[in-house]
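1. My questions concern the predicted model and sequence given below.
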Amino acid sequence: MSTRTHTPVTTFERDAKTLELPWPFTGREDELELIRRSLTAGHHGIVVTGPAGSGKTRLVTEAVRGSDRARAAGTPETRHIPFAAFAHLVPEAVSLHRAVQLLSGVRLLVVDDAHLLDDASAALVHQLAVHGRTRLIAVAADGAPCPGAVSRLWTGELLPRLALEPLSREDTEQLLAAGVGGGLEPLTLNRLHHLCRGDLRLLRDLVDAAREHGLLTRATDTDAWSWRGPVPVTATVRERAARVLVDADPRERAELERLAFAEPLPLHLADLDLHLLENLEAGGLIRLDDHGTVRLAHPLHGPVLRAAAGRLRAARLSRTPAQCEAALSAEAAALTGRIERGDVRPAATPVGEWLAQEGATVPAGYAAVRARFARLRGELREAAAWAREGLRDTVHDASCRTELALAAAQSGDAAAAEETLAGCPDLREASAWLAAARGDAEAAVAAIGDVADGMVRTYGAGGECTDTAFALYDLVRLGAPEKAAERLPAGGVFARHAEALARADGPALDRAAEALEERGFLLFAAEAHAQAVRAHRDPHAARTSRTRAVALARRCQGARTPALSGLVLGELTARQRQIVTLAAAGLSNRQIAERLTLSIRTVGNHLYSAYARLGASDRGALPWLVELPEVQPA
């Protein structure tokens, strides 16, 4: 079934590159505002660059919607025809001088695919920028050959450049939710974000194909969209992977196939033809790591190569889940070791992800480790997703049920945590956090204290972060550092946090938060900054801690713990975000009101509401929360 039957019909102007866009425009508010700002008094326009498929044309179309403008576009087929891009705007036989005269009266000119302009059209665009009478928006792709007259628009500082980054994971999630009519479960979101690498056309194509093939379904327990199974090899997917199918010679193609069928595991350099590898690496088709292992460079290449192979060849070369058991155990051991060393920064785990993506059974022991690693990073929805993977075939696994309950309780969902714990009274740590989710901090502290007292007090030779230490550290997170400070490993970051909280030392709490963030403990860092707010005597320092806590907590997938209870983490409305962005850029309420055609009172009211939701109290805190895109000269 097509996605279009599940989303509202949206009509777009015919100057968009794609006429049928079933998903509404979302995200990119800061970039949208920056482009609009470039067209106001005193500005002459902007150049927007970015990777293919990153939404450059769509962004510009939204930015100029409703404006009186002319549009031109370069095409590869007409690069040898003078003024081909402007054939609809200037006579057939025209000089550059005359073309400049004719277009100088145009108030706004949008030039799409400027990297594909013929030389005469490129020179015309450059001269219009030099004269400055026409406001220009030029759109060009990164990495493509570009006429010198176009690149000099920004290298010669005639116009500022907005270098568009691939859509963030958070914005991708927002776009997908709007496009498919509901949220996606975290493992599916991660998969799409990884496969598409910011290519929005590919993203939409994959989602449509997954639904048409019956691969995108509603999860029964969360009602989120879930995708398990193979990658649909659509025409767009084949186009993105054409280089491995067309450009490689037969011998190189054979090596690429070996790598494709080895996935999710890599092959070692010694097992492959070195001469062929050199050619493939030079062509950007493979990548080598520091351990001498080789992988395909793009995540789509493997599915395309496997789909193109014959059935017998695929059956002979394909890996099975059972062949990944040793690598899966190694991944789990590596994650466990990193937890014990107190380092939960992102780690590569391709085998577990491949099993989950293919819909194969994920062993409960591995799933529990993945869930714990994600939870300690503050990725609570992802932690819950991994726990559910482990419970699919082992419904009573205590470790996975504990992680699922902890993720729910630390998200403030007491009902879900209670349902998970039903019939499992022995899961004491999760029961303690359930008490915290219900607002009974005293009972939570008492229960966690009992858990810690019942553990053998050993910390191991490898680090400070064993189960005992984590249980004691929960007391710190719940606001009872005096019960844990002297029992935590001396000198460790958990102990430093406990000691700072016990002394009500705001600066020391902020330093502990920074150390926690550096190790990947984003939720713990947010909590330490939030505790610093109440400890600071300096109001400015308290505001800074608050905004840092809010910024970190917003990355923790809905975390709602006692330490964060004083923070208001709601998302801004579109108008609030627009006004806050302008305020962060230094505009006064009056200037914002004039820019947006609002009353000063309305701007003030929006700012007041936004401050409350962001946990800020004045303009000085906004730069911590609103990261304006850079306007790069070159």
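-> Happy to help now that I have it. Numbering: from 1, shown residues only.

2. now the helices for the stretch 1-150 of the chain?
-> Assigned by DSSP state H, counting those that start in this stretch, the stretch 1-150 of the chain shows helices spanning 29-37, 56-63, 96-103, 119-131, 148-155.

3. For Gly604, find the nearest of these.
-> For Gly604, the closest of those is helix 29-37, at 19.0 Å, according to CB to CB. Glycine gets a C-beta too; all of them are placed from N, C-alpha and C.

4. tilt between the closest one and helix 56-63?
-> Angle of helix 29-37 versus helix 56-63, following axes from the mean of the first three to the mean of the last three CA atoms, to 10 degrees, is 60 degrees.

5. What is the neighbour count of Ala422?
-> Per other CB atoms under 10 Å, the neighbour tally for Ala422 reads 9.

6. Oh, that last question was meant for Asp290, not what I typed.
-> Asp290: 5 neighbours (other CB under 10 Å).

7. now it: how far from Leu269?
-> 11 Å (CB to CB, to the nearest Å).

8. again with Gln323
-> 20 Å.

9. More neighbours: these two, which one.
-> Shown here are Gln323 and Leu269; by other CB under 10 Å, Leu269 has more neighbours (14 against 11).

10. With Ile448 as the reference, name the closest of the helices of the stretch 1-150 of the chain.
-> Once those are compared by CB to CB, helix 29-37 is nearest, at 40.9 Å.

11. Extract the C-alpha set from that closest one and format it as PDB.
-> In PDB, the C-alpha atoms belonging to helix 29-37 read as follows (Å, rounded to 0.1, in the frame of the first residue of the first chain):
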ATOM      1  CA  GLU A  29      13.500  26.200  10.900                       C
ATOM      2  CA  ASP A  30      16.800  27.900  11.600                       C
ATOM      3  CA  GLU A  31      18.000  27.500   8.000                       C
ATOM      4  CA  LEU A  32      14.600  28.600   6.700                       C
ATOM      5  CA  GLU A  33      14.900  31.800   8.800                       C
ATOM      6  CA  LEU A  34      18.400  32.400   7.700                       C
ATOM      7  CA  ILE A  35      17.500  32.300   4.000                       C
ATOM      8  CA  ARG A  36      14.500  34.600   4.600                       C
ATOM      9  CA  ARG A  37      16.800  37.000   6.500                       C
END
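
12. per-residue confidence averaged over that helix?
-> Across helix 29-37, pLDDT averages out at 85.

13. what helices or strands is it leaning on?
-> When contacts are defined as 3 or more CB pairs under 8 Å, 6 or more residues apart in numbering; DSSP states H and E, helix 29-37 sits against strand 45-50, helix 56-63, strand 161-163, helix 574-584.

14. can you tell me the average pLDDT over the last one?
-> Okay, so that is helix 574-584. Mean predicted lDDT for helix 574-584 stands at 80.

15. between that helix and helix 29-37, how big is the angle?
-> Using the same axes, to 10 degrees: helix 574-584 against helix 29-37 is 70 degrees.

16. contact partners of the following helix or strand past helix 574-584?
-> Next helix or strand after helix 574-584 toward the C-terminus (DSSP states H and E): helix 589-596. For helix 589-596, contacts defined as CB atoms under 8 Å, 6 or more residues apart in numbering pick out 40, 578-579, 582-583, 587, 598-600, 602-604, 607.

17. Now with 7 Å, please.
-> Gln578, Ile579, Leu582, Ala583, Ser599, Ile600, Val603, Gly604 (CB atoms under 7 Å, 6 or more residues apart in numbering).

18. top of the residues you listed by neighbour count?
-> Neighbour counts for these, by other CB under 10 Å, peak at Ile579, which reaches 28 neighbours.

19. List the contacts of that one.
-> Shown in contact with Ile579 (CB under 7 Å, 6+ apart): Ile592, Val603, His606, Leu607, Ala610.

20. Which helix or strand contains Ala332?
-> In this assignment (DSSP H and E), Ala332 forms part of helix 325-340.

21. Show residues contacting the next helix or strand after that helix.
-> Sequence order places helix 350-358 as the next helix or strand after helix 325-340, per DSSP H and E. Contacts of helix 350-358 with the rest of the structure, by CB under 7 Å, 6+ apart, involve 187, 191, 228-229, 263-265, 321, 324, 327-328, 331, 362, 366, 370, 389.

22. who wins for neighbours among these?
-> Busiest of those [other CB under 10 Å] is Arg370, holding 28 neighbours.

23. Spatially nearest residue to it (excluding sequence neighbours)?
-> Trp386 (4.2 Å; CB to CB, 6 or more residues apart in numbering).

24. Count residues in the vicinity of the one you found, would you?
-> Neighbours of Trp386 (other CB under 10 Å): 29.

25. wait, doesn't it sit right on Ala367?
-> Yes: between Trp386 and Ala367 there is a contact under CB atoms under 7 Å: 5.1 Å.

26. separation between His126 and Val100?
-> As judged by CB to CB, His126 and Val100 stand 10 Å apart.

27. ok, the two, which is more surrounded?
-> A side-by-side neighbour count of His126 and Val100, using other CB under 10 Å, places His126 first with 24 against 20.

28. Please list all residues in contact with that one.
-> By CB under 7 Å, 6+ apart, the contact list for His126 reads Ala149, Arg152, Leu153.

29. is it true that the last one touches Leu128?
-> Which is Leu153. No: judged on CB under 7 Å, Leu153 makes no contact with Leu128 at a distance of 9.9 Å.

30. now stretch 429-446: mean pLDDT?
-> Averaged across stretch 429-446, the pLDDT comes to 89.

31. What of stretch 338-355?
-> Averaging pLDDT along stretch 338-355 yields 94.

32. how about the strands in the stretch 201-350 of the chain?
-> Using DSSP state E, counting those that start in this stretch, the strands of the stretch 201-350 of the chain run over residues 216-218, 225-227, 267-268, 286-288, 293-296.

33. Quick check: buried residues in the fourth one?
-> In terms of neighbour count (16 or more other CB atoms under 10 Å), strand 286-288 has its buried residues at Ile286.

34. re the thing from before, want to throw the contacts of helix 589-596 into a markdown table with distance to Ile46?
-> Putting the contacts of helix 589-596 into a markdown table (distance: CB to CB, whole Å) gives the following:
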| residue | distance to Ile46 |
| --- | --- |
| Gln578 | 18 |
| Ile579 | 21 |
| Leu582 | 17 |
| Ala583 | 21 |
| Ser599 | 29 |
| Ile600 | 28 |
| Val603 | 25 |
| Gly604 | 30 |
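
35. Residues in contact with the helix holding Ala332: which ones?
-> With CB under 7 Å, 6+ apart as the criterion, helix 325-340 contacts 265, 344, 347, 349, 351-352, 365-366, 369-370, 372-373, 376, 460, 462-463, 465-466.

36. Now, of the residues you listed, which are buried?
-> Buried, going by 16+ other CB under 10 Å: 265, 344, 349, 351-352, 365-366, 369-370, 372-373, 376, 463, 465-466, out of the contacts of helix 325-340.

37. so of those residues, which ones are in helices?
-> In this view, the buried ones among the contacts of helix 325-340 that belong to helices under DSSP state H are Val351, Gly352, Gly365, Tyr366, Val369, Arg370, Arg372, Phe373, Leu376.

38. Now tabulate these in JSON lines and tack on distance to Leu256.
-> Putting those into JSON lines (distance: CB to CB, whole Å) gives the following:
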{"residue": "Val351", "distance to Leu256": "20"}
{"residue": "Gly352", "distance to Leu256": "24"}
{"residue": "Gly365", "distance to Leu256": "34"}
{"residue": "Tyr366", "distance to Leu256": "29"}
{"residue": "Val369", "distance to Leu256": "32"}
{"residue": "Arg370", "distance to Leu256": "30"}
{"residue": "Arg372", "distance to Leu256": "36"}
{"residue": "Phe373", "distance to Leu256": "32"}
{"residue": "Leu376", "distance to Leu256": "37"}
